[in-house]
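Novice: show me the folded form of this:
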Amino acid sequence: HDETLKNLPDDMLYKFPAVLSHRAALDRPLAQSLCPILDKGMRADGIADWILELHSLQYTLDYLSYELRLEKDLVFSNRAEEAPMFSKFDDRKQYNGAVPSSAYLTQMYKREHETIRPHLNQENKKISVRQLNIDASVKAPKS
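Specialist: Numbering: from 1, shown residues only. Now for the predicted structure:
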């Protein structure tokens, strides 16, 4: 997928809304959030559970919206025909409620961290020092 992105114009490359891997893609803000979230101690399986919770909530809201729209259409059109059911959460051909695994999130974290590492190293080199203390004492264990 990196080859696909290389075909984009330079100004669009970093505006592309997803980070692609060989298996799937992550929303760019989510991929960029993995570094600070995991660095602060949250585990990848906790993030996967959190994504599942948010995805389930969105599915429920979409389902309710669909049902309300159908009800409104039936009232105003006086149609008695049956509309298709809203798809199931895990239906890969319709709604596709796929959620990334913790292993996939960890892989994407490592990949994203590698892309920003040179920038972080440069930023660390820029830190100025106002006071420098050196402790030259050597402490040996007492026998």
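
Novice: now do the helices in this structure.
Specialist: Counting by DSSP state H, residue ranges of the helices within the chain are 2-6, 10-13, 28-39, 44-77, 102-125.

Novice: helices or strands up against the third one?
Specialist: Same thing as helix 28-39. strand 18-20, helix 44-77, helix 102-125 (3 or more CB pairs under 8 Å, 6 or more residues apart in numbering; DSSP states H and E). Placement of C-beta: from N, CA and C, glycine included.

Novice: can you lay out these as JSON lines showing mean pLDDT, mean neighbour count and distance to Thr4?
Specialist: Shown next, in JSON lines, are the helices and strands packed on helix 28-39 (pLDDT from 0 to 100; neighbours: other CB atoms under 10 Å; distance: least, CB to CB, whole Å):
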{"stretch": "strand 18-20", "mean pLDDT": "81", "mean neighbour count": "17", "distance to Thr4": "7"}
{"stretch": "helix 44-77", "mean pLDDT": "88", "mean neighbour count": "13", "distance to Thr4": "24"}
{"stretch": "helix 102-125", "mean pLDDT": "79", "mean neighbour count": "13", "distance to Thr4": "16"}
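
Novice: confidence score at Ala80?
Specialist: pLDDT for Ala80: 50.

Novice: let's have the chain start at 45 instead
Specialist: That works, and once the first residue is 45, the last one we named lands at Ala124.

Novice: related to what we said a few turns ago, in CSV, list the helices and strands packed on helix 72-83 along with distance to Asp179.
Specialist: As requested, the helices and strands packed on helix 72-83 are exported to CSV (distance: least, CB to CB, whole Å):
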stretch, distance to Asp179
strand 62-64, 44
helix 88-121, 38
helix 146-169, 22
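
Novice: Lys137 is nearest to which of those?
Specialist: helix 88-121 (15.3 Å; CB to CB).

Novice: returning to that earlier point: among the helices of the chain, which is nearest Lys132?
Specialist: With CB to CB as the criterion, Lys132 lies closest to helix 88-121 of the helices of the chain, at 9.3 Å.

Novice: so for Gln138, which of the helices and strands packed on helix 72-83 sits nearest?
Specialist: Of those, nearest to Gln138 by CB to CB is helix 88-121, at 11.1 Å.

Novice: since that was my last question, I'll sign off now.
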